[in-house]
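Undergrad: I would like to see how this sequence folds:
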Amino acid sequence: MTTRNINEYSQCHKQTSITADTLFHGSRIPLTKWFWAIYFLGSDKGSISALILSKLIEVNWRTARLILSKLRTAMGHRDSLYRLSSVIEIDDALVGGRRKGKRGRGAEGKTPVIVAVESKGKRAGFIAMQAVDSVCHDTVNKFVAKHLNEQQEVHTDALPALNIIDNTQQHEAKVTPSELVDEWLPWVHIAIGNLKTFLLGTFHGVSGQYLQEYLDEFCYRFNRRKMEREIPNRLLNLAIIHAPIHSY
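TA: Numbering: from 1, shown residues only. The predicted model follows:
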């Protein structure tokens, strides 16, 4: 091994970096800074902003933003391996945005998000969230195909765009007055409320361009909420086994 972190095979003399085929592949950022970033991101229950991380590991804001982007994207890839099952609640929400404007489904500066939560009676199971351009048959169908096993029991409100769920699931939709929504879709609304608190508490608003990364992190944390102390080690293992993510 040389000082450039290169391994050379004795028989064929082929050289390869110790970071090849990992999340660190091709990065000019020292591994020690990556490791500290993983520790700080994994240890903070409320996540961490690029500005704060840049000061902690002594890099510029853009570098800290790149590190966090790759880690959050890897979190999303990891959770995409799972499929929700049993009883599942699905609803939509408007998230993010920094501009003040009208409220409701057409609110300015906000991004529609489809949210699904496994209902385990007195507790929530796994969750999945996807930012979309609009909540319509096409986006709902793709979300369900990606995140749910087929023929599960799915509860929703009576939004017409969700009718497409009938094609692959045991779907039950109810017209739900606001005062009864917590009885029919309790866990999905708790998840949406927690997400908004998560975003406002750490980031004070998120633009639609990067929203999916934050959704991926929120879901990753939520799905491992019973093993919070293990998250830094799990993130490190994920970075080692994850394929490279090219910068943009």
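
Undergrad: how about E217, what does it touch?
TA: Going by CB atoms under 8 Å, 6 or more residues apart in numbering, E217 touches S47, R72, M75. For glycine as for every other residue, the C-beta is placed from the backbone atoms N, C-alpha and C.

Undergrad: let's go with 10 Å and repeat that
TA: L41, S47, I48, L68, L71, R72, T73, M75, G76, D79, F198, T202 (CB atoms under 10 Å, 6 or more residues apart in numbering).

Undergrad: Counting only helices, which of those make the cut?
TA: Within the contacts of E217, residues falling in helices by DSSP state H are L41, L68, L71, R72, T73, M75, G76, D79, F198, T202.

Undergrad: Run through the residues that contact the residue positioned nearest the centre of the chain.
TA: Geometric centre of the chain, nearest residue: D216, 0.6 Å, by CA atoms, centre = their mean. Taking CB under 10 Å, 6+ apart as the criterion, D216 is in contact with 71-80, 128-131.

Undergrad: top of the contacts of E217 by neighbour count?
TA: When neighbours are counted by other CB atoms under 10 Å, M75 leads those with 26 neighbours.

Undergrad: coming back round to it: pick out the lowest-pLDDT one from the contacts of E217.
TA: Confidence by pLDDT is poorest for T202 among those, given 75.

Undergrad: Let me know whether that residue touches S49 as I believe.
TA: Yes: applying CB atoms under 10 Å, one finds T202 in contact with S49, separated by 6.0 Å.

Undergrad: circling back: with distance to A158 added, can I get the ones in helices among the contacts of E217 in TSV?
TA: Below are the ones in helices among the contacts of E217 laid out as TSV (distance: CB to CB, whole Å):
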residue	distance to A158
L41	39
L68	38
L71	38
R72	34
T73	34
M75	33
G76	30
D79	29
F198	28
T202	34
